[in-house]
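A.B. asks: Model the following, please.
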Amino acid sequence: MTGTNDVAANSKAVEALKQAVCDRVDELADQLIDASHQIHAHPELNFEEHFAHDLLTAMLDRHDVAAVRHAYGLETAFDSTAGSDGPTVAVLCEYDALPGVGHACGHNIIATAGLGAGLAAAFVAEAAGGRVRIMGTPAEEGGGGKVLMARQGAFDGVDAAMMVHPADADLIAMDCIAIQELLVTFHGKSAHASAAPWDGRNALDAAVLGYMNVATMRQHIRPNERVHGIFTKGGDKPNIVPHEAEMDWYVRSGTISSLQPLKQRVYTALESAASACGCTMSHSWVDNTYADMVDNGPMVASYVANAARMGRTVMNPVTSGRRVMGSTDMGNISYLVPSIHPMIKVAPDGIPIHSVEFATWAASPAGDQAVLDGAKAMAMTVVDLWCSTPLRERVQVAFAGRPKGVQVL
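C.D. replies: Okay, here's the model as predicted:
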């Protein structure tokens, strides 16, 4: 039986470890902020994040945490481990950008907050009796890097995983819903649009009609479902009846299970348009479906308490009305290991992610502070997971309650 003095001593030891990881983040502050700004200034798209990969792995090596480069068959993924024994906690880094708007999702902050948390945890891993994995996960913006890594066993032996995502508020979670991308090609028949239009079958008309079919369907889908698409090809020249038109769609639903019937409805809306226009349609559901995020409640509570030490009040998006909806491949990982994906404030209220304005805030003093605060809150949460058997037990109980029998890889 543990005596009162033993409990107090353990509490003091945990506090000392938490202070040590916070001090370590402060020591690394200039390097972390500089790395954040460098990644922000060099935006790279899915699987092209060579600059960020090289920068982050060089920093790991510099601080004696050997980095495995080009990990799990992905050129821009990396992995590193510190600590020789004990519970294994993974801190994930994202660093890909968006076309046209750069780091409008603030992945430069995700990368460097994760790096800072990992390096700080590595500094005390032996003393705390735990292991930390610092993992670079490319291509979150549609490429599914985490899914590809998981298929190669990247998360085998991991007891918990975490990352922090920038937003316009401090939130315990993001409303991460399931998503799959659909690529569609309509096939018609070309003809001279003036001399003999009756000989043609207009693939662009089919695509436009398909778009309208989906648009009329939107009023009859659930509040947590989204369907949005763009035209990527509409023809070659106005005086040629378009023989081919292409579209790119995102289909989202609250869970990966409820996504399946919505996918069928979208497909039917598009395919019927092809038939109505005398055309045919080919399609491809892009691999790496993103699952919904199952945030682990006990881990979230630990993060919230640790973030409060930096003066951050992390709100529940449901009760506060400050909801941010999106999709992430971290959702797939949350079905594999206990995981959290809290949001950290970097921009004023009302500045949405994926906007030009948010990209500016991602390299602002508020963004810099989020790098440091996020690193500290996550590093202290890692310490909690290492040092508290009751917390780990609660984490596992909560994880056992996730939906079962769901295919996420």
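
A.B. asks: Could you give the separation of the host helix or strand of residue 115 from the chain centroid?
C.D. replies: Applying DSSP states H and E as the criterion places residue 115 in helix 107-128. Mean-position distance between helix 107-128 and its chain equals 18 Å (Cα atoms, centre = their mean, to the nearest Å).

A.B. asks: give me the number of residues near residue 234?
C.D. replies: 14 (other Cβ atoms under 10 Å). C-beta: built from backbone N, CA, C; applies to glycine.

A.B. asks: Am I right that it is in contact with residue 242?
C.D. replies: Yes. Judged on Cβ atoms under 8 Å, residue 234 makes contact with residue 242 at a distance of 6.4 Å.

A.B. asks: what touches both of these two?
C.D. replies: Common neighbours of residue 234 and residue 242 (criterion: Cβ atoms under 8 Å, 6 or more residues apart in numbering): residue 204.

A.B. asks: middle-most residue in this protein, spatially?
C.D. replies: Most central in the chain under Cα atoms, centre = their mean is residue 328, positioned 3.8 Å from the mean C-alpha point.

A.B. asks: so how far is residue 355 from that one?
C.D. replies: 18 Å (Cβ to Cβ, to the nearest Å).

A.B. asks: cool, and residue 326?
C.D. replies: Plainly put, residue 326 is 13 Å away from residue 355 if you go by Cβ to Cβ.

A.B. asks: Which one's more surrounded, those two?
C.D. replies: Set residue 326 next to residue 355 and count neighbours by other Cβ under 10 Å: residue 326 wins out with 18 against 14.

A.B. asks: tell me the pLDDT at the more buried one?
C.D. replies: Note on residue 326: pLDDT of 94.

A.B. asks: so it bridges to which residues?
C.D. replies: Judged by DSSP bridges, the bridge partners of residue 326 are residue 176.

A.B. asks: Next: residue 160.
C.D. replies: Beta-bridge pairing of residue 160 under DSSP bridges involves residue 89.

A.B. asks: What is the neighbour count of it?
C.D. replies: Residues lying near residue 160 (other Cβ under 10 Å) number 26.

A.B. asks: hang on, isn't the residue nearest to the centre of the chain packed against residue 140?
C.D. replies: Yes. Using Cβ under 8 Å, residue 328 is in contact with residue 140, at 6.1 Å.

A.B. asks: any idea of the mean pLDDT in the helix holding residue 115?
C.D. replies: In the prediction, helix 107-128 has an average pLDDT of 98.

A.B. asks: Show me which residues of it are buried.
C.D. replies: With burial defined by 16 or more other Cβ atoms under 10 Å, the residues of helix 107-128 counted as buried are 107-125, 128.

A.B. asks: which regions of the chain sit below the pLDDT cut-off?
C.D. replies: Applying pLDDT under 70 to the chain picks out residues 1-9.

A.B. asks: At which residues are the strands of it located?
C.D. replies: Secondary structure of the chain (DSSP state E): strands located at 67-69, 78-82, 88-93, 131-136, 160-162, 165-167, 175-176, 178-187, 226-233, 244-253, 280-285, 325-326, 339-340, 343-345.
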